[in-house]
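Engineer: Everything below, folded, please.
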Amino acid sequence: MTDLQQPTRDWAVDFDHTSEDYAQSATDIWDDLRGRCPVAHGEAHGGVWMPTRHEDISAIANDTEHFSSEGVIVSIFKPEGLAPMGYAPPITADPPFHKDSRRILLPAFAPRAIDKLEEATRATCRELLDELLASGTPVVDAAVQYSQNIPVRVIAHMLGVPQEDGDRFRLFIHRIIEKPGTYSGTVAPEDTLVYYIEQTLKRRRQEPPKDDLIGYLMSIEVDGEPLPDAQIFGTIGLLIIAGIDTTWSAIGASLWHLAKTPADRQRLAEDPAVLPFAVEEFLRFYAPVTMARIASTDTEVGGCPVAERDWVLLPFPSANRDPEVFERADEFIIDRQRNRHVAFGLGIHRCAGSNLARMELTVAIDEWMKRIPDFELADDDPDAVRWSTGQVRGPRELPVRILRTNEVEA
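Structural biologist: All right, here's what the predicted structure looks like:
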C-alpha cells in the first residue's frame, strides 16, 4: 500500500522529499498534488515549497531576480553569503558570475569533446556486462552491477583521477544528495568530499600538467589571472556529485522500464533506429533531477506566499508529466516525436553536461540490449526495487532476471 492510500499523511502539507515513502511513490504523489494542491509545503529541512506544474517550475527556473541558486541541495544547513559564485559553480552561481563560469566549462562538454569519449564508454559498458554475466547466475542487480558504475568511471576518466575512487564518490553522493545533513558531525575529516578534492588538487599542483579536466581548469586564465582556487574546487565537486548520480539514475530507471515492459524491450531489440527517440522518452518519463532555489525576496509561487530565504524545489520530473504540456503525459511512448522535455532543466542553469548524459544513457542501453535483449524484473513486489531518496531519483537496487543473452561479437 502506498502513502497515497494511507490517510495518515497528506503530502500537500507534510512534504519531505528525503523520505523513503516519497522515493517509492514520487510519480503518484506529483500527479495527486498537481490535480488538487499544485504547490506543496513541508516543515522538514526548515521548510520547503514544491510546485508540481510545468508552468510554475518554468517560471521559477527562469526568474533569477527572485530566486537564487546559492543553494541547490535542500538541507537544514542553508548557504548564505556565497552568492554570486556559490559553492559549486556554475550550478550554484547567480548572474553576472554565472555566465563566465558556465562558459569556461562548456568546451569540455561540447559535442565534439563528448564524441571522443564514446568508445571508452562503450568499452566500460562491455567490461561491466562481461563481469555481470561471468557468474552465470540468472538474477543480477542492474543498478549495483551496471548502471551505477558507468558514470563513475567516465567522470573519473575525465577528471584524471583513479577509477577505484568510485567507491568514495558513491559515499559522497549518498551523504550529500540522498541524506543531506544526516551525517553532519559524524564523518571524519579525511573521509569527506572536501578533503578528497583538497588532496587531489594538492597532488596535482606538484605534478606535471595533464590533459584532463582538472588540468584544464588549473590552466584557465580570466583577464590574465588563474581561476580562483574556490572556483576550481567547487567545479570539481559539482562534477563528482552532479555528473554521476544523475546519469546512473537515468540509466537505471530506463532498464527498470524495459524490464517491466516487454513490448518496448522487443521494439528496441528489433528496431535499433528507435533508440534516439526512446532515449528522449526515458529522459522525459524518468527524469531524475529535482533542483532547488532559495527565495531572494518575499515572493510567490503559484499563488502561495514564499518568504525571503525559503527553500523552493524544482521537480523537473513532475513538469515532464504535466498533461497541460505533454500529450498523453502519463504514458511512455517509445517513439514519441514531439518531446520538449525539461529533464536537463530550464533557464540559465540548463545542464551543461547534457551531451555527456545523453551519450552515456544511449551507449549504456545500446550495449545492454546487444548483450541482454530479454530480461524482466526478478520480483513482482515493487518494493524489491529500491529508489533513492533526495533530489536525484533512480533505482539504487534493481534485481532483474536474465531471460536471454547474445554472444559477444568477434
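
Engineer: From residue 396, how far off is residue 137?
Structural biologist: 20 Å (CB to CB, to the nearest Å). Where C-beta positions appear, they are placed from N, C-alpha and C, glycine not excepted.

Engineer: So between these two, which is more surrounded?
Structural biologist: Taking neighbours as other CB atoms under 10 Å, residue 137 and residue 396 compare with residue 396 leading, 21 against 10.

Engineer: Pretty sure the more buried one sits against residue 384.
Structural biologist: No: using CB atoms under 8 Å, residue 396 makes no contact with residue 384, being 11.8 Å away.

Engineer: which ones are touching the residue nearest to residue 319 when sequence neighbours are not counted?
Structural biologist: Of all residues not flanking residue 319 in the chain, residue 54 sits nearest, at 4.1 Å (CB to CB, 6 or more residues apart in numbering). Applying CB atoms under 8 Å, 6 or more residues apart in numbering to residue 54 gives the contacts 319, 320, 322, 324, 325, 342.

Engineer: What's the local residue count around the fourth one?
Structural biologist: The reference is to residue 324. Count around residue 324 with other CB under 10 Å applied: 9.

Engineer: How about the contacts made by it?
Structural biologist: 53, 54, 55.

Engineer: among those residues, which are in helices?
Structural biologist: Members of these lying in helices (criterion: DSSP state H): 54, 55.

Engineer: Export the contacts of residue 324 to CSV and append columns for distance to residue 70.
Structural biologist: Below are these laid out as CSV (distance: CB to CB, whole Å):
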residue, distance to residue 70
53, 25
54, 24
55, 24
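
Engineer: Strands of this protein, start to end?
Structural biologist: Listed in chain order, the strands found in the chain under DSSP state E are 39-42, 48-51, 67-68, 139-141, 221-222, 225-226, 290-295, 299-301, 304-306, 311-315, 374-377, 386-387, 395-397, 399-404.

Engineer: I'd like to know which of those strands lies nearest to residue 165.
Structural biologist: strand 395-397 (19.7 Å; CB to CB).

Engineer: tell me what that closest one is packed against?
Structural biologist: Contacts defined by 3 or more CB pairs under 8 Å, 6 or more residues apart in numbering; DSSP states H and E place strand 395-397 against helix 245-260, strand 386-387.

Engineer: closest to residue 404 out of these?
Structural biologist: Short answer: helix 245-260, nearest of these by CB to CB, at 13.1 Å.

Engineer: pretty sure residue 57 contacts residue 346?
Structural biologist: Yes: Residue 57 lies in contact with residue 346 (CB under 8 Å); the separation is 7.4 Å.

Engineer: what about those two, which has more around it?
Structural biologist: residue 57 (30 against 18).

Engineer: In contact with the more buried one, which residues?
Structural biologist: Going by CB under 8 Å, 6+ apart, residue 57 touches 51, 314, 315, 316, 318, 319, 342, 346.

Engineer: The stretch 201-350 of the chain: helices as residue ranges?
Structural biologist: 213-219, 229-242, 245-260, 262-270, 275-285, 316-319 (DSSP state H, counting those that start in this stretch).

Engineer: what comes up buried for the second one?
Structural biologist: Within helix 229-242, the residues that qualify as buried by neighbour count (16 or more other CB atoms under 10 Å) are 231, 232, 233, 234, 235, 236, 237, 238, 239, 240, 241, 242.

Engineer: I'd like those residues written out as CSV, with pLDDT added.
Structural biologist: Shown next, in CSV, are the buried residues of helix 229-242 (pLDDT from 0 to 100):
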residue, pLDDT
231, 93
232, 94
233, 93
234, 92
235, 93
236, 94
237, 92
238, 92
239, 92
240, 91
241, 87
242, 86
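
Engineer: Nearest to residue 304 among those?
Structural biologist: Nearest member of these to residue 304, counting by CB to CB, is residue 242, at 28.0 Å.

Engineer: Please verify my assumption that the closest one contacts residue 92.
Structural biologist: No: here residue 242 lies out of contact with residue 92, judged by CB under 8 Å, at a distance of 10.2 Å.

Engineer: Find the residue ranges of the stretch 201-350 of the chain scoring beneath the pLDDT cut-off.
Structural biologist: Within the stretch 201-350 of the chain, no stretch falls below the threshold (pLDDT under 70).

Engineer: Just give me the neighbour total for residue 14.
Structural biologist: Applying other CB under 10 Å, I find that residue 14 has 15 neighbouring residues.

Engineer: where does it fall, phi/psi-wise?
Structural biologist: In terms of degrees, to the nearest 10, the main-chain angles of residue 14 are phi -130, psi 60.

Engineer: which residues sit in contact with the residue nearest the centre of the chain?
Structural biologist: Nearest to the geometric centre of the chain sits residue 246, at 1.9 Å (CA atoms, centre = their mean). Counting by CB under 8 Å, 6+ apart, residue 246 touches 151, 288, 289, 351, 357, 392.

Engineer: Isn't the fifth one up against residue 250?
Structural biologist: Yes: if you go by CB under 8 Å, residue 357 and residue 250 touch, sitting 6.7 Å apart.

Engineer: Out of the two, name the residue with the larger neighbour count.
Structural biologist: Looking at residue 357 and residue 250 with other CB under 10 Å, you find the greater number of neighbours at residue 250, namely 29 against 25.

Engineer: who are the neighbours in contact with the more buried one?
Structural biologist: Per CB under 8 Å, 6+ apart, neighbours of residue 250: 282, 283, 286, 287, 288, 343, 357, 361, 394.

Engineer: any chance of the residues you listed in TSV, plus distance to residue 202?
Structural biologist: Converted to TSV, the contacts of residue 250 look like this (distance: CB to CB, whole Å):
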residue	distance to residue 202
282	40
283	38
286	39
287	37
288	33
343	36
357	30
361	34
394	33
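
Engineer: Give me the buried entries from these.
Structural biologist: 282, 283, 286, 287, 288, 343, 357, 361, 394.

Engineer: of these, closest to residue 169?
Structural biologist: For those, the nearest to residue 169 is residue 394 (15.2 Å; CB to CB).

Engineer: what's the closest non-adjacent residue to residue 360?
Structural biologist: residue 247 (5.1 Å).

Engineer: what sits against that neighbour?
Structural biologist: 150, 151, 154, 356, 357, 360, 361.
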